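Undergrad: Fold the following, please.
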Amino acid sequence: MESRSVQIVFPEDTNHMGTLFGGTLMAWMDRAAYLAAARRAHGDVVTAAVERLEFRVAIHQGEWVELVARVEEVGRTSLRVLVEAFREDPVRGDRSLCTTGRFTMVALGADGQPREVGPAEPA
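TA: Predicted structure coming up:
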């Protein structure tokens with residue numbers, strides 16, 4: 001299961017050097033992980049853990065950020081999601097992987113407690 005989304009980096013998203021705040025990117029990545037996991041779980045999920053965010057390339061004001069989130073593993077109540085963030089210069093068109101992270105999401109039932117995710121549906 002996968003989700004894709006695109007954000008544009010506005011001035012309010014940047015620090016004094018004109019690059020995207022790491023915390024803002026983390027929030028965008030968390031949302032992308034939520035979307036992929038909720039799709040697979042067919043319901044609400046919450047973030048249980050974030051593993052090893054690696055910031056490789058700075059993202060500048062005016063650039064686009066494509067977030068690609070893929071469910072890698074499914075446990076009884078949890079899902080592990082790889083999120084990749086790609087920066088793209090809309091003028092030059094160059095694109096590069098800038099940040100990766102793995103998010104563990106837990107499926108919740110109506111009572112707010114962990115619930116079983118269930119088997120994958122046939123393709």
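
Undergrad: What average pLDDT does stretch 102-121 get?
TA: Per-residue pLDDT values across stretch 102-121 average out to 91.

Undergrad: list the buried ones in it?
TA: Residues 102-108, 114-115, 117 are the ones in stretch 102-121 that count as buried (16 or more other C-beta atoms under 10 Å). Backbone N, C-alpha and C define where each C-beta goes, glycine included.

Undergrad: same check, this time on stretch 39-56
TA: Neighbour counts over stretch 39-56 (16+ other C-beta under 10 Å) mark 39-41, 44-45, 53 as buried.

Undergrad: Going along the chain, name the helices of this protein.
TA: Along the chain, the segments classed as helices by DSSP state H run 22-41.

Undergrad: Span of stretch 57-68 from start to end?
TA: End-to-end distance for stretch 57-68, by C-alpha to C-alpha, to the nearest Å: 16 Å.

Undergrad: who touches that stretch?
TA: If you take C-beta atoms under 8 Å, 6 or more residues apart in numbering as the criterion, stretch 57-68 is touched by 2-11, 13-14, 18-20, 25, 28-29, 31-32, 83-90, 95-99.

Undergrad: what about this protein, any weak spots by pLDDT?
TA: 121-123 (pLDDT under 70).

Undergrad: for it, which strand is longest?
TA: Counting residues, the longest strand found in the chain (DSSP state E) is strand 95-107.

Undergrad: quick one on the thing from earlier: ok, which pair from the buried residues of stretch 102-121 is furthest apart?
TA: The most widely separated members of the buried residues of stretch 102-121 are Arg102 and Arg115, with 21.8 Å between them, by C-beta to C-beta.
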